[in-house]
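> predicted structure and sequence below. I'll ask about it afterward.
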Amino acid sequence: MRYLVTSSQMKAIDQYTIEEIGIPSLVLMERAAAAVALEAEKMTASGGKILAACGMGNNGADGVAAARMLKEKGYDVSVLLAADREKGTEELKLQLSIAEKLNVPVMEFLEYLPGQCDLVIDSVFGVGLSRKVEGRYREYLEFLKGIPKKQVLAVDIPSGISADTGAVMGTALKADRTVTFGYEKMGTALEPGRTYSGKVTVADIGFPKVSLEKAHAAGLVYDTEDVKRLPQRPSDSNKGTFGKVLIVAGSKNMCGAAYLSALAAYRLGAGLVKVMTVESNRTVIQEKLPEAVAVTYCPGNTPEEWQQVSALIEKECADADVVVLGPGIGREPYTKNLVRDVLNYVCSPLVLDADGLNIVAEEKELTGYFTENIIITPHPGEMARLTGKTVREIKENLPEAAREYAAAYGVTCVLKDGATAVAGKEGPVYINTSGCSAMAKGGSGDVLTGSIAALLAQGMEEEEASRLGVYLHGLAGQEAAAKKGQYGVLAGDIADCLGQVAEMYKR
């Protein structure tokens, strides 16, 4: 597990370390510069040509210091300033003075004649950027984009990317790699900042652990070590040990979502899966997944006929350890009764997805059934319908949108996107960093729903099951892409790889 911080939290960590602990800022700067220089060496052959593009703040000073260290190791290094050095911080002026004494060439960008270089070190803006890049600095970044170069190494965060949201602040310089200091930033985990950052290395430059406790991290991410959180499977177990999942899904001619959710639940270890769907889907479910128990109903056209369905819902909900509601149920008139009855009768954890969410968006009073054991799994379009916001507003700050909804309704919110955010009622938001574009196929979300349900059935709490389910789902997508290629992955391939990646990383 790694923690993510915002720009204000990083500033607090920096300030606490310098002012309260007493580690001088120049000591931190030298360590940061050394980490950048080390990464630059990995990216550039000995004697390679390097351009350190520096802003006028302390991020620029980091770049100047790294350039000086690389010069001492024999690299052809130049420093390119965004503006007149007199506009720089005192730390920048000091680093420039040291660099020039060691014969590092320093120029303003308007004096520079572009030529091919092996590496651009991007140290124009740090994590403090809070408004769109305009004027001279926009011109500077556009100029840097046009320089013939092989690679870009960003210092702390790519210039032009918001450290809080990952948004492009007008314009941004795309990096092949990023060296960030102390803790990873929210903006390097969220899209599009995640793509702009390339491979991210977190360098320990001496911030004490207590500084993070003081700042309270905004987010966290998982790595393969966290797969060991998976529930154990004792040898003296039976199907009841690993839980019963009820999947209320599918409608006439729409059976795929129910099948994929059920398949994923089984692949990730659930003991027994029931699929409650319309009678016309029985044959397909029994042929595609004979391991699942098909529980079917006919919606009927009268209140009396629905009462029979309602009684069946009550019975099946009472027998389930986990309920999934929504995949592929459609938007027929009866589905409002279906969603209302499941929400009314369920006493176990519930994963609410797809059409189930759309019906709740239409019938706002259904949120009155929400309890702390409910997990919602919307994509930005569904979240927009639930909240009344636009998709653009949702995507501008995905973690905040998830956090706000979770806090307002007391649920766990899994807000799906390129970097999915998982928020509970309080605490840091989980940002997912597994997965790949091969997963952008119909049915992938249904597989995620079944994955989360499987972990809930095996006893994990709602927020933890959501985090680990999302992470494993992404790992399974990566594994499926390795086997089938980026273009050839189907949702069923992702489901089939779930158990494999669980075994691979749990050891």
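Great, that's in hand.
> show me the strands in the stretch 251-400 of the chain, by range?
272-278, 293-297, 322-325, 350-352, 374-376 (DSSP state E, counting those that start in this stretch).
> ok, which of the ones you listed comes nearest Ala423?
Counting by Cβ to Cβ, Ala423 lies closest to strand 374-376 out of the strands of the stretch 251-400 of the chain; the figure is 10.3 Å. Every C-beta, even on glycine, is put in place using the N, C-alpha and C of the backbone.
> and the strands of the stretch 251-400 of the chain: which comes nearest Asp122?
Comparison of the strands of the stretch 251-400 of the chain against Asp122 by Cβ to Cβ identifies strand 374-376 as nearest, at 38.5 Å.
> distance between the ends of stretch 105-113?
This stretch, stretch 105-113, spans 13 Å end to end (Cα to Cα, to the nearest Å).
> would you mark the buried spots in it?
Val106, Phe109, Tyr112 (16 or more other Cβ atoms under 10 Å).
> phi and psi next, for the first one.
Just to be clear, that refers to Val106. For Val106, the backbone dihedrals (degrees, to the nearest 10) come out as phi -130, psi 130.
> again, but for the last one
Listed backbone geometry of Tyr112 is phi -90, psi 130, with angles given as degrees, to the nearest 10.
> ok, it - contacts?
Residues near Tyr112 by Cβ atoms under 8 Å, 6 or more residues apart in numbering: Ser78, Leu80.
> let's see it at 10 Å
By Cβ atoms under 10 Å, 6 or more residues apart in numbering, the contact list for Tyr112 reads Leu51, Ala53, Ser78, Leu80, Leu81, Pro105, Phe143, Leu144, Ile147.
> scan the protein for its longest helix.
Longest helix of the chain, by residue count under DSSP state H: helix 462-484.
> work out the gap between that one and the centre of the chain.
Its chain's C-alpha centre and that of helix 462-484 lie 12 Å apart, by Cα atoms, centre = their mean, to the nearest Å.
> repeat for stretch 45-62
30 Å.
> again, but for stretch 281-292
34 Å.
> same check, this time on stretch 182-199
10 Å.
> likewise for stretch 483-497?
20 Å.
> pLDDT averaged over that stretch - what is it?
Mean per-residue pLDDT for stretch 483-497: 97.
> so what does Gln232 have for phi and psi?
Main-chain dihedrals, Gln232, degrees, to the nearest 10: phi -70, psi 160.
> quick one, what contacts it?
Neighbour list for Gln232: Gln458, Gly459, Lys506 [criterion: Cβ under 10 Å, 6+ apart].
> is it true that the first one touches Lys244?
To tie it back to what came earlier, the one meant is Gln458. No: using Cβ atoms under 10 Å, Gln458 is not in contact with Lys244; the gap is 11.0 Å.
> now for those two: what residues contact both?
Ala270, Gly271, Asp321, Val322.
> show me the domain layout of this structure.
When the chain is parsed with automatic domain parsing, its domains come out as 2-221, 238-506.
> distance from the chain centre to the last one, please.
By that I understand domain 238-506. The chain centroid and the centroid of domain 238-506 are separated by 18 Å under Cα atoms, centre = their mean.
> quick one on the thing from earlier: Gln478: which of the buried residues of stretch 105-113 is nearest?
The nearest member of the buried residues of stretch 105-113 to Gln478, counting by Cβ to Cβ, is Phe109 at 39.7 Å.
> return the distance of that closest one relative to Leu129.
18 Å (Cβ to Cβ, to the nearest Å).
> just Lys185 next, same as before
11 Å.
> which one's more surrounded, those two?
In this view Lys185 and Leu129 are compared by other Cβ atoms under 10 Å, and Lys185 has more residues nearby, 32 against 25.
> hey, what's that one bridged with?
Note on Lys185: beta-bridge partners by DSSP bridges are Val5.
> check contacts around it.
4-7, 9-10, 126-127, 156-157, 161-164, 166, 178, 193, 197, 200, 202, 218-219.
> show me the contacts for Val351.
245, 247, 261, 265, 322-327, 374-377, 412, 414, 448-453, 456, 462, 465-466, 469.
> who does it bridge with?
Beta-bridge partners for Val351, by DSSP bridges, are Val324, Ile375.
> what are the ranges of the strands in the stretch 401-507 of the chain?
412-415, 421-423, 429-431.
> could you export those as a markdown table, including mean pLDDT?
Formatted as a markdown table, the strands of the stretch 401-507 of the chain follow (pLDDT from 0 to 100):
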| stretch | mean pLDDT |
| --- | --- |
| strand 412-415 | 98 |
| strand 421-423 | 98 |
| strand 429-431 | 97 |
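> correct me if wrong: Tyr16 contacts Ala215.
Yes: if you go by Cβ under 10 Å, Tyr16 and Ala215 touch, sitting 7.4 Å apart.
> ok, the nearest residue to Glu332 once chain neighbours are set aside - how many residues close by?
Leaving out its chain neighbours, the residue that sits closest to Glu332 by Cβ to Cβ, 6 or more residues apart in numbering is Ser251, at 6.6 Å. Neighbours of Ser251 under the rule other Cβ under 10 Å: 23.
> ok so, going back, between Lys185 and Leu129, which contacts overlap?
Counting by Cβ under 10 Å, 6+ apart, the common neighbours of Lys185 and Leu129 are Ser7, Ile157, Ile161, Ser162, Ala163, Asp164.
> I'd say the last one and Leu398 touch.
No: applying Cβ under 10 Å, one finds Asp164 not in contact with Leu398, separated by 11.3 Å.
> more neighbours: the two, which one.
Leu398 (26 against 23).
> give me the number of residues near the closest residue to that one other than its chain neighbours?
Nearest residue to Leu398 in three dimensions, chain neighbours excluded: Ala421, at 4.7 Å (Cβ to Cβ, 6+ apart). By other Cβ under 10 Å, the residues close to Ala421 number 25.
> one step back: what would the strands of the stretch 401-507 of the chain look like in JSON lines with distance to Asn337?
JSON lines is the format used below for those (distance: least, Cβ to Cβ, whole Å):
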{"stretch": "strand 412-415", "distance to Asn337": "25"}
{"stretch": "strand 421-423", "distance to Asn337": "30"}
{"stretch": "strand 429-431", "distance to Asn337": "34"}
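> among the contacts of Val351, name the buried ones.
Burial by neighbour count, judged by 16+ other Cβ under 10 Å, picks out 245, 247, 261, 265, 322-327, 374-377, 412, 414, 448-453, 456, 462, 465-466, 469 from the contacts of Val351.
> lowest-scoring secondary structure element of the chain by mean pLDDT?
Ranking every helix and strand in the chain by mean pLDDT, DSSP states H and E puts helix 209-215 at the bottom, with a mean of 90.
> ok, back up a step: which one of the strands of the stretch 251-400 of the chain lies closest to Gly135?
From those, taking Cβ to Cβ, the stretch that ends up closest is strand 374-376, at 43.0 Å.
> and that closest one, average pLDDT?
The average pLDDT within strand 374-376 is 98.
> what do you get for stretch 235-255?
94.
> okay, how far is it across that stretch, tip to tip?
35 Å.
> just the terminal-to-terminal distance for stretch 237-251.
By Cα to Cα, one end of stretch 237-251 lies 34 Å from the other end.
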